[in-house]
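> Predicted model and sequence below, questions to follow.
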Amino acid sequence: MSRKSRVCRGSFSSDGLKFPESWLSRNPDHSSVNPLSTAYDKCTRMSTSDEARTPRLDYRLFNANAVGLAAFICSPLAGAILIAANYGRLGKAGKGVLAVLFGLIASALIILIKLNWNTPAGSFASAALALLLFLCTWQIAMEVQGDAVEEHVAAGGRLNTKSMAFFVGVATLALLYGITWAVLFAIQDRKVIIGTNDDVVYSGLATKANATALGNELRNHKYFLDSGATVLLSKKIPDTTISFVVPDGTWNQAGILSSFEELAREVAPTVGGFPVQVQLLDGKADVEESSTVGQVRFDNDNLVYYEGMATREEARALGQQLDSTGFFRGKGANVLLIRHNGEGTTLAFVVADEAWSNPAKVSNFETIVRDAAPAVGGLPIGLHLVNPQLELKKEELVE
């Protein structure tokens, strides 16, 4: 029998607890000590190996390289999941939830750019953003968990394998792919019938209610006459597009694009407001002409609309200029800033009381146009005076 066992066994007998005299000499006031507990603790320490007394790190962590691998294969979401797994094992589950949330937002941003900007430039921007976010995820893993992972390894803990990180990346990619296509399938082109023979095909974020409201408004404006006309409504972040399918060659007619712009301006409130993209499509749904119709609102319900190639910034500058000169001193003035390719810039003023027949008032509008010219690119500018029904009553060129 070993010495250790003899000491422990020698401390007990059927008559009770025996104490070595040496212990008694060192502890004369032993009445306050629990002898059974003290002896038991001593025997326990003597019979327990150093290896057993060392706490075991039986969990594994992902290092920054594993996080980067998952993010590279899939998206920041996969890397964020591994970061969250580390936080969970380190007792910081709350931070793990935030990591997954930020990863989900970053991945959704990449997908939205790709889907809403479906051009070579959009593909490049999406890929560049994905690369940037991959590097950020990798760097964040090193910054926020690098020390904890190193301490874990130094204490005898093990790391999760790269193959596990690869699996998480592939699984997350498959999940994102499936969810994205499920959403796209759910919002694919749908159609509502207006009257008996006209229809509005809607897609993206557009709803059946949007399409029905648009169709009814087009019917009120006599565009839908049960003649088999089709209009397409698409809503994506941040654009709303109304596309009109027209007979071949219609887009070449003088003033036809302006007519559709005015129609879009009238129906825009039914699809969520401005700005609205206007497209003229041929029978194969190819875009032949396109334009933008937008609105800038000023105090007292004074409005500046911009159409064609004119921009929101120009419309805002024009409105500020008109306001500074006192043109917006009343309520409800409407001004249209129009610019089409090859046709120059036009300012159209909605007027009443046959102002177009009064030479003095026409001269005032000429002065207003000259004062406002720097805000919209300078002279020459076409001056249009229209009635409240937007019928052209006076037209001239201000130079």
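Happy to help now that I have it.
> what's the pLDDT at Arg3?
The per-residue pLDDT reported for Arg3 equals 41.
> Could you identify the longest strand within the protein?
Longest strand in the chain, counting residues (DSSP state E): strand 287-298.
> same for it, what does it pack against?
Counting contacts by 3 or more Cβ pairs under 8 Å, 6 or more residues apart in numbering; DSSP states H and E, strand 287-298 packs against helix 256-267, strand 276-281, strand 302-308, helix 312-324. C-beta: built from backbone N, CA, C; applies to glycine.
> Identify the residue spatially nearest to Pro374, adjacent ones excluded.
Nearest residue to Pro374, sequence neighbours excluded (Cβ to Cβ, 6 or more residues apart in numbering): Gln321, at 7.8 Å.
> quick one: the most centrally placed residue in the chain from Val335, how far?
Centroid check for the chain by Cα atoms, centre = their mean gives Leu109 as the closest residue, at 5.1 Å. Going from Leu109 to Val335 by Cβ to Cβ, to the nearest Å gives 37 Å.
> Domain-wise, how is this protein divided?
Following automatic domain parsing, the chain resolves into domains at 3-53, 60-185, 190-293, 296-398.
> comparing those domains, which gets the lowest mean pLDDT score?
Among the domains of the chain, domain 3-53 has the lowest mean pLDDT, at a mean of 44.
> Determine the three-state secondary structure at Arg339.
Secondary structure, DSSP: H, G, I helix; E, B strand; the rest coil: Arg339 is strand.
> That one reaches Met309, doesn't it?
Yes. Using Cβ atoms under 8 Å, Arg339 is in contact with Met309, at 4.6 Å.
> Name the residue in these two with the higher neighbour count.
With neighbours defined as other Cβ atoms under 10 Å, Arg339 and Met309 compare such that Arg339 has more, 20 against 14.
> Let me know the next secondary structure element after the helix or strand hosting Glu217.
For Glu217, the host element (DSSP states H and E) is helix 208-220. Sequence-wise, the next helix or strand downstream of helix 208-220 (DSSP H and E) is strand 230-235.
> And that next one, what does it pack against?
Strand 230-235 packs on strand 198-204, helix 208-220, strand 240-245, going by 3+ Cβ pairs under 8 Å, 6+ apart.
> Give me the residues contacting the first one.
Applying Cβ atoms under 8 Å, 6 or more residues apart in numbering, the contact partners of strand 198-204 are 187-194, 208, 210-212, 214-215, 218-219, 224-236.
> List the buried residues of it.
Using 16 or more other Cβ atoms under 10 Å as the test for burial, strand 198-204 gives Asp198, Asp199, Val200, Val201, Tyr202, Ser203, Gly204.
> And for stretch 359-369?
Judged by neighbour count using 16+ other Cβ under 10 Å, the buried positions of stretch 359-369 are Lys361, Val362, Phe365, Ile368, Val369.
> Could I get the buried residues of strand 198-204 in a markdown table, plus columns for distance to Ala285?
Below are the buried residues of strand 198-204 laid out as a markdown table (distance: Cβ to Cβ, whole Å):
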| residue | distance to Ala285 |
| --- | --- |
| Asp198 | 17 |
| Asp199 | 14 |
| Val200 | 14 |
| Val201 | 10 |
| Tyr202 | 14 |
| Ser203 | 12 |
| Gly204 | 15 |
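> of all these, which comes closest to Asn160?
Nearest to Asn160 out of the buried residues of strand 198-204 is Gly204 (Cβ to Cβ; 40.4 Å).
> Could you give me the ChimeraX syntax to select whichever of the contacts of strand 198-204 are buried?
Here is the ChimeraX selection string for the buried members of these, based on 16+ other Cβ under 10 Å:
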select :187,192,194,210,211,212,214,215,218,224,229,230,231,232,233,234,235,236
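> circling back: my guess is the residue nearest to Pro374 meets Arg370, correct?
No. Counting by Cβ under 8 Å, Gln321 stays clear of Arg370, with 11.1 Å between them.
> More neighbours: which of the two?
The neighbour count for Gln321 versus Arg370, taken as other Cβ under 10 Å, is higher for Gln321 (18 against 14).
> Distance check, that one against Val398.
Distance of Gln321 to Val398, given as Cβ to Cβ: 15 Å.
> now Ala348, what's its secondary structure?
Assigned with three-state DSSP, Ala348 falls in the strand class.
> The one 4 residues further on now?
The local conformation at Ala352, judged by three-state DSSP, is coil.
> which residues make contact with stretch 232-239 from outside it?
112, 115-116, 200-206, 210-211, 214, 240-243, 245, 271-272, 275, 277, 279, 281, 285.
> Any idea what Gly308 is bridged to?
Gly308 has the following beta-bridge partners by DSSP bridges: Thr292, Arg339.
> List the contacts of it.
Contacts for Gly308 were tallied using Cβ under 8 Å, 6+ apart; they are Leu257, Glu261, Ser291, Thr292, Ile338, Arg339, His340, Asn341.
> filter these to the buried ones?
For these, buried by 16+ other Cβ under 10 Å: Leu257, Glu261, Ser291, Thr292, Ile338, Arg339, His340.
> Sweet, I'm off.
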